[in-house]
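*Asks:* Take this sequence and fold it.
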Amino acid sequence: MSRDVTATLREIAFLLERQNAPTYRVRAFRRAAAVVDDRADLDQRVAAGTLTDLEGIGRTTADVIAEAHRGETPGYLARLRAEARVPERGRAVREALRGDCHTHSDWSDGGSPIAEMAEAARSLGHEWVALTDHSPRLKVARGLSAERLREQLGVVAELNRELAPFRVLTGIEVDILGDGALDQDPELLGELDLVVASAHSELRMSSAPMTRRLVAAASSGKVDVLGHCTGRLIGERKRAQSTFDAREVFTACREHGVAVELNSRPDRLDPPRELVRLAAELGCDFAIDSDAHAPGQLDWLDNGCARAEECGIDRERVINTRPAARLRARR
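*Replies:* Numbers count the residues shown, from 1 in each chain. Just a heads-up that it's a prediction; the model follows:
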């Protein structure tokens with residue numbers, strides 16, 4: 001029974017992450033799951049009403065535990081499930097996706113271990129997920145040095161043996177430096193399954209140098225996906241989009257086999273629709289990515305799928321509808 005209770009608490013944490021709920025709320029349910037997991041005295045504590053005596057169990061989580069222990073669907077969980085219904089728009093695209101090209105773990109600025117992210121991706125029906133933690137220049141995100149990235153490759157190899165046939169693709173979200181160079185050892189980039197390249201700094205540079213910067217990255221021969229290309233933020237935390245010659249940048253992407261990312265984060269939804277339509281007109285491929293930093297955020301793909309449908313993107317041009325072997329063959 002404690003395993004059923006634990007699963008309920010973890011599902012609530014997942015759905016809260018999907019909603020981009022405050023981190024403290026998500027952690028409360030994950031902490032409660034860890035506390036009650038396989039507790040021998042759970043029956044007695046529920047019966048006696050002493051769950052809140054346990055460190056890490058508050059009134060809300062205690063109510064959820066008690067309801068789940070009785071075999072009921074907690075009201076808290078029922079509400080979250082109702083709010084998480086898959087929208088009709090983009091559903092066909094979503095069903096065609098086999099994986100996610102852009103995710104983060106606690107090796108950089110994500111909140112969960114690699115294995116937890118992989119298991120969440122598998123539970124969503126993915127066949128694979130690309131692990132793309134940040135590169136070293138992004139110190140605020142604990143970007144991976146070449147040494148740490150090589151260490152991570154060993155961890156992923158072991159995890160893939162455990163999870164087969166599901167596969168974690170090795171990767172990185174490499175920073176595009178001001179001159180268009182990539183923030184990682186070029187030979188090491190060549191060893192990875194998938195490379196997302198994104199600009200995270202100097203986003204207000206004028207159009208001409210920003211164009212040269214993005215074209216250089218797309219033309220490097222080391223990049224598979226151009227990540228959140230305008231760098232914009234929307235919603236509460238706003239940041240204007242970068243300016244560049246989108247026709248020139250997307251033409252470089254098409255010519256060098258670089259997919260344009262449809263970033264599904266609700267605070268990004270990058271690029272804007274007019275640029276998505278331009279990239280489609282120019283014949284680019286696309287990657288619909290979650291840019292997830294926590295397990296529940298992997299389910300943000302609905303946002304990108306809806307935008308793909310709105311903009312008339314053919315599913316054959318979305319690279320994460322393809323098997324892992326075909327993606328790896330691109331390299």
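*Asks:* Relative to A217, how far out is the residue nearest the centre of the chain?
*Replies:* A centroid search over the chain (Cα atoms, centre = their mean) returns A292, at 2.3 Å, as the residue closest to the centre. Distance from A292 to A217, counting by Cβ to Cβ, to the nearest Å: 23 Å. Bear in mind the C-beta positions are built from the backbone N, C-alpha and C, glycine included.
*Asks:* still on that earlier bit, who touches the residue nearest to the centre of the chain in this structure?
*Replies:* Going by Cβ atoms under 8 Å, 6 or more residues apart in numbering, A292 touches 100, 102-104, 110, 117, 298, 300.
*Asks:* Please enumerate the helices of the protein.
*Replies:* 2-18, 23-36, 42-48, 59-69, 75-83, 91-96, 114-123, 146-163, 186-191, 207-218, 246-255, 273-281, 301-310, 324-329 (DSSP state H).
*Asks:* any idea which of the ones you listed is most buried?
*Replies:* helix 301-310 (a mean of 22; mean count of other Cβ atoms under 10 Å).
*Asks:* who touches it?
*Replies:* 86-87, 89-94, 97, 100, 262-266, 269, 273, 276, 286, 288-290, 318.
*Asks:* what about dumping the CA coordinates of it to CSV?
*Replies:* Presented in CSV, the C-alpha positions along helix 301-310 are these (Å, rounded to 0.1, in the frame of the first residue of the first chain):
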residue,chain,number,x,y,z
LEU,A,301,5.6,19.3,-25.4
ASP,A,302,1.9,19.9,-26.0
ASN,A,303,2.8,23.6,-26.3
GLY,A,304,5.2,23.1,-29.2
CYS,A,305,3.0,20.5,-30.9
ALA,A,306,0.1,23.0,-30.9
ARG,A,307,2.3,25.7,-32.5
ALA,A,308,3.6,23.2,-35.1
GLU,A,309,0.0,22.4,-36.1
GLU,A,310,-1.0,26.1,-36.2
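*Asks:* mind checking how far it is from the chain centre?
*Replies:* Relative to its chain's centre, helix 301-310 lies at 15 Å (Cα atoms, centre = their mean, to the nearest Å).
*Asks:* got the angle between that helix and helix 2-18?
*Replies:* 50 degrees (axes from the mean of the first three to the mean of the last three Cα atoms, to 10 degrees).
*Asks:* and helix 301-310 with helix 273-281, angle?
*Replies:* 70 degrees.
*Asks:* hmm, back to that, want to throw the helices of the chain into JSON lines with distance to A197 and mean pLDDT?
*Replies:* What follows is the helices of the chain, written out as JSON lines (distance: least, Cβ to Cβ, whole Å; pLDDT from 0 to 100):
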{"stretch": "helix 2-18", "distance to A197": "26", "mean pLDDT": "89"}
{"stretch": "helix 23-36", "distance to A197": "28", "mean pLDDT": "91"}
{"stretch": "helix 42-48", "distance to A197": "48", "mean pLDDT": "90"}
{"stretch": "helix 59-69", "distance to A197": "41", "mean pLDDT": "93"}
{"stretch": "helix 75-83", "distance to A197": "34", "mean pLDDT": "91"}
{"stretch": "helix 91-96", "distance to A197": "24", "mean pLDDT": "94"}
{"stretch": "helix 114-123", "distance to A197": "21", "mean pLDDT": "96"}
{"stretch": "helix 146-163", "distance to A197": "15", "mean pLDDT": "98"}
{"stretch": "helix 186-191", "distance to A197": "9", "mean pLDDT": "96"}
{"stretch": "helix 207-218", "distance to A197": "5", "mean pLDDT": "98"}
{"stretch": "helix 246-255", "distance to A197": "10", "mean pLDDT": "98"}
{"stretch": "helix 273-281", "distance to A197": "15", "mean pLDDT": "98"}
{"stretch": "helix 301-310", "distance to A197": "18", "mean pLDDT": "96"}
{"stretch": "helix 324-329", "distance to A197": "16", "mean pLDDT": "90"}
